[in-house]
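**Student:** Got a sequence here, can you model it:
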Amino acid sequence: MKFAVLVFPGSNCDIDCYKAVESTIGQSVDYVWHTATDLSAYDAIIVPGGFSYGDYLRCGAIAQFANVMNEVKKAAEQGKYVLGICNGFQILTEAGLLPGALIRNNGLKFRCHSTNLEVVNAATPFTNQYAEGDIIDIPIAHGEGNYYCDDETLAELKANNQIVFRYACDTNPNGSVENIAGISNKAGNVVGMMPHPERAVNQLLGSEDGKGMFTSILNAWREQHGAAVNG
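**Tutor:** Predicted coordinates:
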């Protein structure tokens, strides 16, 4: 399996994502610059956190127009796995790959600490190594992590089981509607989340609960690949 970790001017979690793939599942991984015009060689794409283009205008607003995002859209349409983390989540919403928007934290302060998440949907390619209802310890680091959507979109998210993670145990750090910490597209192959699983892959970091996301992606790809080969 081959991973691409996108790099925008201002990305600062790209190395963390690269190392998480390398250390947890030992798969091939490349840094891919934002000017790239071909992602066909990759099975999974990670859009990392940071401050792409300095968060000018608003978070992810400029990054959505980068050349590589046209290729991310193509990859998503082809059913490849796309994971947006923190600023990556913001970019995916700005690009229309995920519904809703991320706005300023309700306390108007940057929040950086460990957070308990509830796994709401364990049937995605990103969560199949968890069980529904699992509480996992994943850190956050954001100032604009308040997930917002209108009532119609929220009803669709619930009806289609697109809510992947919620902040658990009344720990909502930013005011997100319905405590939402991560969502998927309708097909389930694109997920965006504000917490950082790549920062929770070793107990030395305080938690290794994020490892399951990377092993889930590899497991999903192997199942898909095996089905294709056997077919």
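**Student:** mind listing the helices for this structure?
**Tutor:** 14-24, 67-77, 87-94, 151-159, 211-230 (DSSP state H).
**Student:** outside of the longest one, which residues touch it?
**Tutor:** Okay, so that is helix 211-230. Residues outside helix 211-230 that contact it (C-beta atoms under 8 Å, 6 or more residues apart in numbering): 1, 20-21, 24-25, 27, 43-44, 81, 83, 124-130, 136, 197, 200-201. The way it works is simple: take the backbone N, C-alpha and C, and place the C-beta from them, glycine included.
**Student:** what's the answer for stretch 31-41, then?
**Tutor:** By C-beta under 8 Å, 6+ apart, stretch 31-41 touches 2, 4-9, 14, 18, 42, 45, 63, 66-68, 70-72, 74-75.
**Student:** Could you do stretch 88-95 as well?
**Tutor:** Contacts for stretch 88-95 (C-beta under 8 Å, 6+ apart): 6, 46-49, 52, 58-61, 63-64, 69, 72-73, 82, 84, 98-102, 144, 182, 190, 192-194.
**Student:** Buried ones among the contacts of stretch 31-41?
**Tutor:** Buried members of the contacts of stretch 31-41, counted by 16 or more other C-beta atoms under 10 Å: 4-8, 14, 18, 42, 45, 63, 66, 68, 71-72, 75.
**Student:** what's the closest of those residues to G107?
**Tutor:** Relative to G107, the closest of those is A63; by C-beta to C-beta it sits at 25.3 Å.
**Student:** show me what contacts that closest one?
**Tutor:** 8, 34, 52-53, 69, 87, 91, 94.
**Student:** can you put those residues in CSV and add pLDDT and distance to T153?
**Tutor:** Output for the contacts of A63, formatted as CSV (pLDDT from 0 to 100; distance: C-beta to C-beta, whole Å):
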residue, pLDDT, distance to T153
F8, 98, 26
H34, 97, 28
S52, 97, 24
Y53, 95, 26
M69, 98, 21
N87, 98, 21
I91, 98, 18
E94, 97, 15
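**Student:** quick check, nearest of those to G175?
**Tutor:** N87 (18.3 Å).
**Student:** Now do stretch 197-213, average pLDDT.
**Tutor:** For stretch 197-213, mean pLDDT is 96.
**Student:** Would you pull up how far it lies from the middle of the chain?
**Tutor:** Centroid displacement of stretch 197-213 relative to its chain, using C-alpha atoms, centre = their mean, to the nearest Å, is 15 Å.
**Student:** And it, end to end?
**Tutor:** Stretch 197-213 has an end-to-end distance of 7 Å (criterion: C-alpha to C-alpha, to the nearest Å).
**Student:** what do you get for stretch 138-157?
**Tutor:** 22 Å.
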